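Q: just the structure for this:
(one chain, ligands or ions: 1)
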Amino acid sequence: MITEDKKEEIREAADLVEVVGDYVRLKRTGHNFVGLCPFHDEKTPSFNVTPRMGIYKCFGCGVSGDVFSFVMEMEGVGFQEALRTLAERYGISLPEQFSSDDDEKHKEREGIYHALRFAGLYFFRQLKESDEAKKAREYLDGRGYDGSILKKFGLGYGSAQGDALLREAKKEGIEEEYLLKADLIKPSQRNDGFYDTFRDRLIFPIFNPSGKVIAFAGRIMGDKKGAKYINSAQTPVYNKSEVLYGINFAKNEIRKDEEVILVEGYTDVITMMQNGIHNVVASSGTALTPQQVKILKRYGKKIVMIYDSDSAGRMAMKRGMNIALSGGMDVDLLELPEDEDPDSFVRKYKKDSFLELKQKEAVDFVSFSIRQAVKHGEMEGPGDRTRVISRVLESIAEIPDPLARQVYVQHLHQKSQKYRNSSDRELFDQLANIIREKQKGRGFGKPPSAGPPHPVGTPGQPPAAQKPHLDSGPLRRQKTPKKPHYEM
Ligand SMILES: [Zn+2]
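A: Numbers count the residues shown, from 1 in each chain. This is a model prediction of the structure:
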């Protein structure tokens, strides 16, 4: 069992504002901090954090507690796991074995986390030491990844032997049940045994915002057959649509810059961070989801999407852009020179050139859409032109804040004026139609995807600043904070 002293030592070390700040955008008011309550839905902040006393309290719904109860609530774990999470984050050592008297569900999560952590360390050792991993090491060498970056991201290698991880884990006393639940092994088709999920692949551990390993991605090596990447399946601790690769390293930088750069791949994130660009995450294989936007919005206001000009990439980006807009984020787009992705560009030209390019070329989504349309000759014929304008208005219609919509419509009017020759009134009318259609489409009783129905902005009012972006995290259980470091 854990002693009362140990508990107080952890409480002492933990920074409540930092821990809460991973879920709630907090604003200082005197000695306290306030934000939108993560435990109930509200529009004006009534969730108070008093660091001096180490407590939080919501004057809306009445919840209150300390740093331990906050982690328990938000991460959906028991007291023991909350203690462990905070102890790890703030570098407090815990007794080797401390028993958990939590209920079954918490025990299951802890078992899965333990199995994942073991696997992460095992893969990491394999990458460093095993002969089989030579290809993988050469591949990483070729990208210029050194020891410290491999360690930071905990990169690893899964052996080609069918059950190497399983055998090692068993030696350590890890039960098959948890390996299965963590999707580290799968039942064999041929016999009643199991085989490793990640075989002969370069391994990227996936972390939650607190830095815990929650899943893995495996990249095929050489010209083997098979999918280029495989991912852990959905597990009790891993929900793909809520995960952003790199968030554990990026979150503080995003907070500081109030801006996040969204890229596609694991290596994009690693290369950019290696080169000193830290406010970057990847949506890792999925198009951006509303849940991911919700998480990003806890840390920053603006998302910079790197434009992918192939047609599949363009479609995914448009969807992602609208999802980010409907989540209330500002969206800029940045197009890289032809045939470059963030990984290759930053490796070649380094940080300063990237930042310079971003400074010069990243523009808001309205300017970007018009610019692209002009580039592709879509502003010449009246039919094309109408389609482009409608498309942009559809994106504007996603924005929940009516004042922001109004500003963007005026911006669109300005950007497209020389192709249209009419007033902004017509754009506002069209926007109103789109919003009406959208509301109809949603049907009665269905919750809108982006908050309450959108009233239409009225032209003529001065463009107002956007409302302060206090924002709460989702109500559902989520990951928690910890030191941004994968310990080996
Ligand atoms: Zn509340």
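Q: any idea how far apart the tips of stretch 277-291 sit?
A: When the termini of stretch 277-291 are compared using CA to CA, to the nearest Å, they are 24 Å apart.
Q: likewise stretch 147-165?
A: End-to-end span of stretch 147-165 (CA to CA): 23 Å.
Q: what are the buried residues along it?
A: Neighbour-count burial for stretch 147-165, counted by 16 or more other CB atoms under 10 Å, picks out 149-150, 152-159, 162-165. Any C-beta I mention is one placed from the backbone N, CA and C, and that applies to glycine too.
Q: checking whatever residue of the stretch 201-350 of the chain ends up closest to the ion next. Helix, strand or coil?
A: Taking CB to the ion as the measure, the stretch 201-350 of the chain has R298 as its residue closest to the ion, at 16.2 Å. Under the three-state scheme (DSSP: H, G, I helix; E, B strand; the rest coil), R298 adopts helix.
Q: how about D330: which residues does it bridge to?
A: Beta-bridge partners for D330, by DSSP bridges, are K302.
Q: before we move on, back to that, what is the neighbour count of the residue of the stretch 201-350 of the chain closest to the ion?
A: 24 (other CB atoms under 10 Å).
Q: and the residue with the largest distance to the centre of the chain, what pLDDT?
A: Largest separation from the mean C-alpha position in the chain: N421, at 41.8 Å (CA atoms, centre = their mean). On pLDDT, N421 comes in at 79.
Q: wait, a helix at G62?
A: No. Going by three-state DSSP, the assignment for G62 is coil, not a helix.
Q: count the neighbours of it for me.
A: 10.
Q: quick check: it vs F39, distance?
A: To F39, G62 is 9 Å away according to CB to CB, to the nearest Å.
Q: pretty sure the residue of the stretch 201-350 of the chain closest to the ion contacts G35?
A: No. Taking contacts as CB atoms under 8 Å, R298 lies outside contact range of G35: 9.6 Å.
Q: what's the single longest helix in this protein?
A: helix 104-129 (DSSP state H).
Q: which strands or helices does it pack on?
A: Judged by 3 or more CB pairs under 8 Å, 6 or more residues apart in numbering; DSSP states H and E, the packing partners of helix 104-129 are helix 79-89, helix 147-153, strand 156-158, helix 164-171, helix 176-181, strand 201-207, strand 213-220.
Q: of the ones you listed, which is nearest the ion?
A: Closest to the ion of the helices and strands packed on helix 104-129 is helix 79-89 (CB to the ion; 19.7 Å).
Q: CA atoms only: put the closest one into CSV for me.
A: In CSV, the C-alpha atoms belonging to helix 79-89 read as follows (Å, rounded to 0.1, in the frame of the first residue of the first chain):
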residue,chain,number,x,y,z
PHE,A,79,-6.9,6.1,-7.2
GLN,A,80,-3.8,3.9,-7.6
GLU,A,81,-3.5,4.6,-11.3
ALA,A,82,-4.0,8.3,-10.7
LEU,A,83,-1.2,8.2,-8.1
ARG,A,84,1.1,6.4,-10.5
THR,A,85,0.3,8.8,-13.3
LEU,A,86,1.1,11.8,-11.2
ALA,A,87,4.2,10.2,-9.6
GLU,A,88,5.6,9.4,-13.1
ARG,A,89,4.8,12.9,-14.4
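Q: buried stuff in stretch 252-262?
A: Neighbour-count burial for stretch 252-262, with 16+ other CB under 10 Å as criterion, is recorded at 252-255, 257, 259-262.
Q: can these go into TSV with extra columns for secondary structure?
A: Formatted as TSV, these follow (three-state DSSP):
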residue	secondary structure
N252	helix
E253	helix
I254	helix
R255	helix
D257	helix
E259	strand
V260	strand
I261	strand
L262	strand
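Q: the ion next: which of the residues you listed are close?
A: Among those, proximity to the ion is found for none (CB under 5 Å from the ion).
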